[in-house]
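Colleague: fold the following for me, if possible:
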Amino acid sequence: MDVSKLKAGDNHYMAYVGPPTQYDFMGATQFRLLSTLGLRANHSLLDFGCGSLRAGRLFLTYLDEGAYFGIEPNKWLIEDAIKNQIGKDLATLKKPHFDHNGDFKTDVFSQQFDFIIAQSIFSHTGSDLITTALSNFKESLKPNGLIAATFIEGITDFDGRGWVYPGCVNYRSSTIRRFAEEAGCFVIRIPWYHPRQTWYVFSKEKHRLPNKAMLRHLSGAVLFEQEFDESWKRSKKIMHLFKSYLKQLLPRPIKNGLKKLMANRVNNR
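Modeller: I've put the predicted structure just below:
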């Protein structure tokens, strides 16, 4: 199947978790981030909302046997990933642990983790689930562990509750910091590149967060690929942020009208 013809959210393991043409990149950037933050083969990792192992297939290969843990309510995503991406032999060799609860519980494995990653989870959750998740993450994190999670930053806060998918939600940076404070965590916004969201790192101890001198080494830049030029070209990065905030300001009818207009232009080329 030509996955480039699929849309994000379509019922295919490479599309349900996000833009299918970026399936490889979104997995690679998560691996690069955690390895830069200190993930090593002997560490334990909880991949929260691991989906179709977009990043998990890389973490599995790298981590020691039994060190990878994934929580994903949609069991079929993991089954399809094992069948089409990693194969049963690697799963047998590395012995990953999976759970399919949809209640944001992280104590199901009865252990604490060196790292927890939640990529594109809080971009689909109301504040009630974010508060629950961060509190659970803290309880499941080792004293010197780190949590890496993405949010869509905005000029307003989503005021709904529960799980929102495939729709997306946004929060102000001050609200994200408040979520961390309520969970009893320290937090820092990092400049690691994400084409649509913003990375934050949480910890139990403030000294475990990257300091300001380290932030310039956490760019996540992607060279020689025009699609990701904004990761290192300041002018394009600023324009990307401007467009993102503009979309949040426009009323929904206008946004829907612009989408139809752009779709018609593409179809008429």
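Colleague: lowest average confidence, helix or strand, in the protein?
Modeller: Of all helical and strand segments in the chain, the minimum by mean pLDDT, DSSP states H and E falls on helix 252-267, at a mean of 58.
Colleague: in contact with the most centrally placed residue in the chain, which residues?
Modeller: For the chain, residue 119 is the residue whose C-alpha lies nearest the centre (C-alpha atoms, centre = their mean; 1.1 Å). Neighbour list for residue 119: 26, 30, 49, 55, 148-150 [criterion: C-beta atoms under 8 Å, 6 or more residues apart in numbering]. Just so you know, the C-beta spots here come from the backbone N, C-alpha and C atoms, and that holds for glycine as well.
Colleague: cool, residue 49 as well?
Modeller: So, once contact is read as C-beta under 8 Å, 6+ apart, residue 49 ends up touching 71-72, 118-121.
Colleague: turn those residues into JSON lines, including secondary structure, distance to residue 63 and pLDDT.
Modeller: Listed next are the contacts of residue 49 as JSON lines, based on DSSP: H, G, I helix; E, B strand; the rest coil; distance: C-beta to C-beta, whole Å; pLDDT from 0 to 100:
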{"residue": "71", "secondary structure": "strand", "distance to residue 63": "16", "pLDDT": "98"}
{"residue": "72", "secondary structure": "coil", "distance to residue 63": "17", "pLDDT": "98"}
{"residue": "118", "secondary structure": "strand", "distance to residue 63": "17", "pLDDT": "98"}
{"residue": "119", "secondary structure": "coil", "distance to residue 63": "17", "pLDDT": "98"}
{"residue": "120", "secondary structure": "coil", "distance to residue 63": "21", "pLDDT": "97"}
{"residue": "121", "secondary structure": "coil", "distance to residue 63": "20", "pLDDT": "98"}
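Colleague: state the distance from residue 102 to residue 165.
Modeller: Going from residue 102 to residue 165 by C-beta to C-beta, to the nearest Å gives 11 Å.
Colleague: show me which positions of stretch 80-98 end up buried.
Modeller: By neighbour count on 16 or more other C-beta atoms under 10 Å, the buried set for stretch 80-98 is 80-82, 85-86, 91, 94, 96, 98.
Colleague: average pLDDT for that stretch?
Modeller: Average pLDDT, stretch 80-98: 97.
Colleague: also stretch 43-58?
Modeller: pLDDT averaged over stretch 43-58 gives 98.
Colleague: kindly report the same for stretch 146-159.
Modeller: 96.
Colleague: gap between the two ends of it?
Modeller: With C-alpha to C-alpha, to the nearest Å as the measure, stretch 146-159 spans 28 Å from end to end.
Colleague: please apply the same query to stretch 98-118.
Modeller: Distance across stretch 98-118, first residue to last, is 15 Å (C-alpha to C-alpha).
Colleague: who touches it?
Modeller: Taking C-beta under 8 Å, 6+ apart as the rule, stretch 98-118 contacts 30, 34, 37, 39, 43-50, 55, 69-75, 78, 97, 129, 132-133, 136-137, 139-142, 144-150, 163.
Colleague: span of stretch 206-225 from start to end?
Modeller: End-to-end distance (C-alpha to C-alpha), stretch 206-225: 36 Å.
Colleague: what comes up buried for it?
Modeller: Neighbour-count burial for stretch 206-225 [16+ other C-beta under 10 Å]: 208-210, 218, 220, 222.
Colleague: with stretch 104-115 instead?
Modeller: 104, 106, 109, 112-115.
Colleague: now render these as TSV, adding distance to residue 214 and pLDDT.
Modeller: Listed next are the buried residues of stretch 104-115 as TSV, based on distance: C-beta to C-beta, whole Å; pLDDT from 0 to 100:
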residue	distance to residue 214	pLDDT
104	30	97
106	27	98
109	30	97
112	24	98
113	22	98
114	18	98
115	17	98
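Colleague: and which of those is nearest to residue 178?
Modeller: residue 104 (18.5 Å; C-beta to C-beta).
Colleague: just want the phi and psi numbers for that closest one.
Modeller: Reported as degrees, to the nearest 10, the phi and psi values for residue 104 are phi 60, psi 30.
Colleague: show me where the stretch 151-269 of the chain has its helices.
Modeller: 173-183, 212-215, 234-249, 252-267 (DSSP state H, counting those that start in this stretch).
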